[in-house]
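Student: coordinates only, sequence not included:
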Ligand SMILES: NC(=O)C1=CN([C@@H]2O[C@H](COP(=O)(O)OP(=O)(O)OC[C@H]3O[C@@H](n4cnc5c(N)ncnc54)[C@H](O)[C@@H]3O)[C@@H](O)[C@H]2O)C=CC1
Ligand SMILES: CC(=O)C(C)=O
């Protein structure tokens, strides 16, 4: 079997970690990318403990375009090629639109939207050069399907990622590069903990009550685990998904239906 190489941003913990570990079990060489060095190293080391030299970690801020382009060059130098780029890194900022702090809003767009833009751009240039197609997968959200109160900036960034993914799918199809988006609902990770804590603070309730109120909306009756999202990314990078592009797939246990 020929060598397959995947870059997963924000894979030091949460959903990205589950994706990196899953792709490693599917024989991908994985680039574990995170702004936090210790978590990226931890995930890379744990993958290498199972199969030597299958992972490497890279520390960078996806908001920095040059770092993202350098990342692709380094990964190609280290592993020889690129097949899959998962733009998973993202941050949340919870506040009313009236009270939103401009610096936090700018940072959120820099990471979520521009970071994804640079990731698509850098990956597409490399995949086009290789001439053998590829897969680009982006993290959007349930918040990319319906806006929620207190999530104005976050939701806007995620709607934009879906639009960006559709444009990229149209532009890159001629190179046999597919571009798809995953839209998780409520996934148990530190990011979701922050959302529930901060939302509860503003609403003057508890994080537990806030969490339960969103879980009550889930038809399947439970919040997602990061592996539930990794299952879908595993499908999107598989041969079985070769004819799917420009789509965004809700992984929300049945919260919104469309
Ligand atoms: N947890 C959830 O319920 C949902 C999450 N998502 C999206 O899924 C993605 C992953 O979310 P989680 O795993 O929950 O988040 P998380 O906060 O648990 O993990 C995100 C990882 O990305 C890294 N990161 C953050 N900013 C970065 C940057 N500028 N450059 C490089 N790495 C950076 C963090 O250090 C962290 O390791 C995000 O895009 C998020 O918006 C979407 C819908 C629901
Ligand atoms: C974090 C996030 O995107 C949701 C919908 O909770």
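Tutor: Received it, and whenever you're ready, just let me know what you need. Everything numeric here is computed off the predicted structure, so don't read it as measured data. Ligands and ions are numbered 1, 2, ... in the order given.
Student: tell me which parts of this protein are close to ligand 1?
Tutor: Within the chain, the residues that sit near ligand 1 (CB under 6 Å from any ligand atom) are 9-10, 12-16, 34-36, 39, 61-63, 88-91, 111, 115, 139, 141-142, 184, 186-187, 189-192. For the C-beta atoms, the positions are set from N, CA and C on the backbone; glycine is no exception.
Student: now those: which count as buried?
Tutor: 9-10, 12-16, 34-35, 39, 62-63, 88-91, 111, 115, 139, 141-142, 184, 186-187, 189, 192 (16 or more other CB atoms under 10 Å).
Student: about what we covered before: among the residues of the chain next to ligand 1, which are in helices?
Tutor: 14-16, 39, 115, 190-192 (DSSP state H).
Student: quick one: the strands in this structure?
Tutor: Applying DSSP state E to the chain gives strands spanning 4-9, 28-34, 55-59, 84-87, 134-139, 177-184, 248-251.
Student: skip the chain neighbours and tell me the closest residue to the residue in the stretch 51-200 of the chain positioned nearest to ligand 2.
Tutor: Of all residues in the stretch 51-200 of the chain, residue 141 sits closest to ligand 2, at 3.3 Å by CB to the nearest ligand atom. Among residues not flanking residue 141 along the chain, residue 158 sits closest, at 4.4 Å (CB to CB, 6 or more residues apart in numbering).
Student: okay, now the one you found: neighbour count?
Tutor: Applying other CB atoms under 10 Å, we find 27 residues neighbouring residue 158.
Student: and residue 202, by the same measure?
Tutor: With other CB under 10 Å as criterion, residue 202 counts 14.
Student: please report how far it lies from residue 195.
Tutor: The gap separating residue 202 from residue 195 is 11 Å, by CB to CB, to the nearest Å.
Student: cool, and residue 244?
Tutor: Applying CB to CB to residue 244 and residue 195 gives a distance of 29 Å.
Student: those two: which is more packed in?
Tutor: residue 195 (24 against 15).
Student: looks like that one contacts residue 94 (just checking).
Tutor: Yes: counting by CB atoms under 8 Å, residue 94 is a contact partner of residue 195 at 5.8 Å.
Student: and the closest residue in space to residue 46 that isn't next to it in sequence, how far from ligand 2?
Tutor: Nearest non-adjacent residue to residue 46, counting by CB to CB, 6+ apart: residue 21, 7.7 Å away. Residue 21 sits 20 Å away from ligand 2, going by CB to the nearest ligand atom, to the nearest Å.
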